[in-house]
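Visitor: return a 3D structure for these sequence lines:
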Amino acid sequence: MENESGNQEKSMEESTEKKKEVEKKKRSRVKQVLADIAKQVDFWFGDANLHKDRFLREQIEKSRDGYVDISLLVSFNKMKKLTTDGKLIARALKSSSVVELDLEGTRIRRKKPLGERPKDEDERTVYVELLPKNV
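Guide: Residues are numbered from 1 along each chain as shown. Coordinates of the predicted model:
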């Protein structure tokens, strides 16, 4: 009898350890997704991209206060690959150095206004195609 209860305790401990490990992996995946979201949005709203991205610039200019709805970002293919959850996007952008959230957490805008387009931008730009997707 004692052996059976010892085996049950050991089995319960192993089960608890497995659950902890699964939770740890899940938190790690969430952290990675949050980091990927923040990196992508910071790129989209960064100086280098925004000078060339006419669509996003027009969306910002349409808004009186410079905010863009997070649902717009969800419609972008690269964001769809990461998440379609607006709340997760807002969570990822809370500590961004490039964009800020509105009070409701549903819209974002650049922290600093977009400066003038550099005159030598085309000379500093390299266009590359046919690279593998993981580059």
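Visitor: contacting residues for the residue most central in space within the chain?
Guide: Centroid-nearest residue in the chain, with CA atoms, centre = their mean: I37, separated by 0.9 Å. Shown in contact with I37 (CB atoms under 8 Å, 6 or more residues apart in numbering): M79, L82, T83, L88, I89, A92, L93. Every C-beta, even on glycine, is put in place using the N, C-alpha and C of the backbone.
Visitor: among the residues you listed, which are located in helices?
Guide: Counted as lying in helices by DSSP state H, out of the contacts of I37, are M79, L82, L88, I89, A92, L93.
Visitor: quick one: low-confidence residue ranges for this structure.
Guide: Within the chain, the stretches with pLDDT under 70 are 1-13, 115, 117-118, 120-122.
Visitor: what ranges do the strands span in it?
Guide: 68-69, 99-101, 107-110 (DSSP state E).
Visitor: how distant is the helix with the most length in the chain from the center of its chain?
Guide: In the chain, with assignment by DSSP H, the single longest helix is helix 2-44. Computed by CA atoms, centre = their mean, to the nearest Å, the chain-centroid distance of helix 2-44 equals 21 Å.
Visitor: so what's the residue count around L50?
Guide: Using other CB atoms under 10 Å, L50 is surrounded by 19 other residues.
Visitor: thought it was touching W44?
Guide: Yes: the pair L50 / W44 is scored as a contact, 7.4 Å apart, by CB atoms under 8 Å.
Visitor: shared neighbours, those two?
Guide: By CB under 8 Å, 6+ apart, L50 and W44 have these common neighbours: L56.
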